[in-house]
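*Asks:* the sequence and its predicted three-dimensional model are supplied below.
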Amino acid sequence: MELRHLEHFVAVAEEKHFTRAAEAMSISQSGLSASIRALERELRASLFVRNTRSVELTEAGRALLCEGRRTLAAAEAAKDAVAAVQGLLRGHLTVGLEQCLGVVDVPALLAKFRSAYPGVEIEVRQGGSTPMLDELASGRLDVAFVATAGDPIDGLDLRPLSRESMVLVCAPDHRLAKASAVTLDDLAGESFVDFDPTWGARAISDSAFTTAGVAHPVTIEVNDVHTLLALVAYDLGVALVPERIAAKHGDHVTVSLAPGAASPWQVSVAVPTGPAASLAADALIGMLPTTAVHA
């Protein structure tokens, strides 16, 4: 099986369109189609269901996609290993980043990396931690800065950068504003402002309320820390957030949670384990302050 056939297959699977995939790969559409047909002949299986508007993966295609991505990532890692022995670092580094983590100055880190390794092309994708972790596992990301509860994840190495408690933020005149600490039962009947479900803090909140058997109706969903705090300050809902976010300037009030009410919020730098691990990702992590990363 040729790697270029796998590259073409993954491109079509991701674009769901032969023309767009051909443009992305800088190959003619006829050449791309021939490559896919050669791969299907070798595997003795149809990989796509084709129609006039798009293509969809068959069951065999879905099975190949995950392994194909891993194979391509491992091949890239092998090239990097040879380059490293020769004293070079080359290739491509794809970095995932959940916004508003505030633990690492990622732009400054990337600038330092680019200065040290100009031969590495850097791509950055911003989004929630949940899909970032999936993309790491599938080989679509090399490294990601994510927020989780800190639980182990198969196939991934999470190296903690920061770990802090979740707290309640509410309006100054809220009924719980002067409490020394609250339980999740105390929040029964409240409406909540919260982040997108893919953000680490939201996942921790959802899990905590589910475990406690307390309803967690999110009536306002945002993708911005300052908007969340402003909405809370105007008593449009309460929120559970990490201490770091609660400490930002605003007219809200911060109240501690009772011990064990919610898992801590852990920011980690995450990389795949095994052969898919990237030398460029290791080099990037190596530029973090030594006191920040706990392997």
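*Replies:* Structure received.
*Asks:* what about the chain, any weak spots by pLDDT?
*Replies:* Counting by pLDDT under 70, the chain has low-confidence residues at 83-89, 275-276, 290-295.
*Asks:* how does it divide into domains?
*Replies:* Using the TED database, the domain parsing of the chain gives 3-66, 89-162+266-287, 166-263.
*Asks:* what's the burial count for E59?
*Replies:* Other residues near E59 number 10, with proximity taken as other Cβ atoms under 10 Å. Backbone N, C-alpha and C define where each C-beta goes, glycine included.
*Asks:* kindly report the same for the one 10 residues further on.
*Replies:* Per other Cβ under 10 Å, the neighbour tally for R69 reads 20.
*Asks:* cool, and G250?
*Replies:* G250, neighbours per other Cβ under 10 Å, totals 17.
*Asks:* could you find the closest non-adjacent residue to it?
*Replies:* Distances taken as Cβ to Cβ, 6 or more residues apart in numbering place L229 nearest to G250, at 4.1 Å, with adjacent residues excluded.
*Asks:* that neighbour contacts H252, doesn't it?
*Replies:* Yes. The criterion here is Cβ atoms under 8 Å, and L229 meets it with H252 at 5.2 Å.
*Asks:* same drill for those two, tell me which one is more crowded.
*Replies:* H252 (26 against 22).
*Asks:* my read: the more buried one touches Y234, true?
*Replies:* No. Using Cβ under 8 Å, H252 is not in contact with Y234, being 9.4 Å away.
*Asks:* find the residues that touch each one of the two.
*Replies:* Shared contacts of H252 and Y234 (Cβ atoms under 8 Å, 6 or more residues apart in numbering): A171.
*Asks:* list the buried residues for stretch 267-285?
*Replies:* Using 16 or more other Cβ atoms under 10 Å as the test for burial, stretch 267-285 gives 267-272, 276-281, 283-285.
*Asks:* can I assume V95 sits in a helix?
*Replies:* No. Counting by DSSP: H, G, I helix; E, B strand; the rest coil, one finds V95 to be strand, located in no helix.
*Asks:* measure A281 to G91 for me?
*Replies:* Here the criterion is Cβ to Cβ, to the nearest Å. By it, A281 lies 11 Å from G91.
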